[in-house]
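Mind folding the following:
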Amino acid sequence: MFGYITVNKMDLKGRDFYRYRAYYCGLCRKLGEKYGLSGRMTLTYEFTFLTVLLTALYDKKSSVEKGRCFMHPCEKRYRMTNEFTDYCADMNIILAYYSLMDNWHDDRDVKSLVMAKGLDKKVKRLERRYKRQTAVIKRELRLLNSCEENECDDIDEVSGHFGRIVEELFVYKKDIWEDNLRKMGFYLGKFIYLMDAWDDYEDDSAKNEYNIFKMLKIDNKYDEHCHTILVMMMAEVSRNFEMLPIVKNSELLRNILYSGVWQKWYISEKKHDNEKKEGEANESL
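Predicted coordinates for the structure are as follows:
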């Protein structure tokens, strides 16, 4: 369900791209240090974005180092880390763990169970430290699973459960920025869930699996309708972002929010169009 909140490299200045990559590599490094290889495998663009956002909002200095890793053994890369890198690594692990356990309970996916078991003891310690976030993740995933099992056709209710999960993770601490961060997280979570549903629509339909857009029975102008909903979600995210006093990394963050989040849409849209044309061509034979 992740991988949508990333940069648009084509519209990003060189220094901003390397800075973004340094945050990404820093988060990867931190996941490896704290949770091993299985932790690194859970790395997402979404938590890289949150690291950059919180660092910029609270104007936190980062430590910078340069080195190689097993993924890039021939090239030294910069890595930037700070207290928000630690926080996002922990949130990344907690959410990944419960998502893996859901995969096991729903589909009996042995691979997910093995990965989850490798994180089990460390997640138990994180649960005690982050009681607020953990409680929301558990509750909302349970309610989301219930909605999907009962084939709920209320788009706001279904996407809202994942929205509330991301909302809670965006709140690093309760202060004057909490309200804006909550709204950013809520609508970004809804966007991620709905973008994933749109992206998986064809596969879910073929397998007769639950998909909120399938439940809505949208046939005509399906892509246009979905795009309108997604634009509304990102409009709320961006509106609340612009209320935050962010100067540092502002161009990088705007690149993600106004352009980067649509990269998978454009790729998938092109793929869907090609598949549609192939289907029409086969029918005409």
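
Next, please give the residue ranges for the helices of the stretch 101-250 of the chain.
Counting by DSSP state H, counting those that start in this stretch, the segments of the stretch 101-250 of the chain that form helices are 110-129, 131-149, 155-170, 178-199, 201-207, 212-215, 222-241, 250-258.

What are the buried residues along the longest one?
Translated: helix 178-199. 180-199 (16 or more other Cβ atoms under 10 Å). In this view, the C-beta of every residue, glycine as well, is placed from N, C-alpha and C.

Kindly calculate the angle that it makes with helix 250-258.
On the basis of axes from the mean of the first three to the mean of the last three Cα atoms, to 10 degrees, helix 178-199 is oriented at 40 degrees to helix 250-258.

Show me what helix 178-199 is packed against.
helix 155-170, helix 212-215, helix 222-241, helix 263-284 (3 or more Cβ pairs under 8 Å, 6 or more residues apart in numbering; DSSP states H and E).

Go again with 10 Å.
Here helix 178-199 touches helix 45-57, helix 155-170, helix 212-215, helix 222-241, helix 263-284, going by 3 or more Cβ pairs under 10 Å, 6 or more residues apart in numbering; DSSP states H and E.

cool, and the second one?
Based on contacts counted as 3+ Cβ pairs under 10 Å, 6+ apart, the elements that helix 131-149 packs against are helix 83-107, helix 110-129, helix 155-170, helix 212-215.

how about JSON lines for those helices, with mean pLDDT, mean neighbour count and distance to residue 56 added?
JSON lines is the format used below for those (pLDDT from 0 to 100; neighbours: other Cβ atoms under 10 Å; distance: least, Cβ to Cβ, whole Å):
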{"stretch": "helix 83-107", "mean pLDDT": "89", "mean neighbour count": "20", "distance to residue 56": "10"}
{"stretch": "helix 110-129", "mean pLDDT": "87", "mean neighbour count": "14", "distance to residue 56": "24"}
{"stretch": "helix 155-170", "mean pLDDT": "97", "mean neighbour count": "21", "distance to residue 56": "13"}
{"stretch": "helix 212-215", "mean pLDDT": "88", "mean neighbour count": "19", "distance to residue 56": "33"}
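
Dump those helices into TSV; add distance to residue 259 as well.
Output for the helices and strands packed on helix 131-149, formatted as TSV (distance: least, Cβ to Cβ, whole Å):
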stretch	distance to residue 259
helix 83-107	22
helix 110-129	32
helix 155-170	20
helix 212-215	24
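
Where is the longest strand in this protein?
strand 72-81 (DSSP state E).

Just checking: what are the partner strands of that one?
Its sheet considered, strand 72-81 pairs with strand 63-69 (antiparallel) by DSSP bridges.

Dump the strand it pairs with to PDB, restricted to CA.
Output in PDB follows, covering the C-alpha atoms of strand 63-69 (Å, rounded to 0.1, in the frame of the first residue of the first chain):
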ATOM      1  CA  SER A  63      24.200  14.700  11.600                       C
ATOM      2  CA  VAL A  64      25.700  13.900   8.200                       C
ATOM      3  CA  GLU A  65      28.000  11.000   7.300                       C
ATOM      4  CA  LYS A  66      29.100   9.400   4.100                       C
ATOM      5  CA  GLY A  67      29.600   5.700   3.500                       C
ATOM      6  CA  ARG A  68      28.800   2.500   1.600                       C
ATOM      7  CA  CYS A  69      26.100   0.000   2.200                       C
END
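
roughly how far out does the longest strand of the chain sit from the chain middle?
With Cα atoms, centre = their mean, to the nearest Å as the basis, strand 72-81 stands 23 Å off its chain's centre.

avg pLDDT for it?
In this model, strand 72-81 has an average pLDDT of 88.

Next, the angle helix 45-57 makes with it.
Using the same axes, to 10 degrees: strand 72-81 against helix 45-57 is 40 degrees.

Show me the contact partners of strand 72-81.
18-30, 33, 51-52, 55, 61-69, 71, 85, 89 (Cβ atoms under 10 Å, 6 or more residues apart in numbering).
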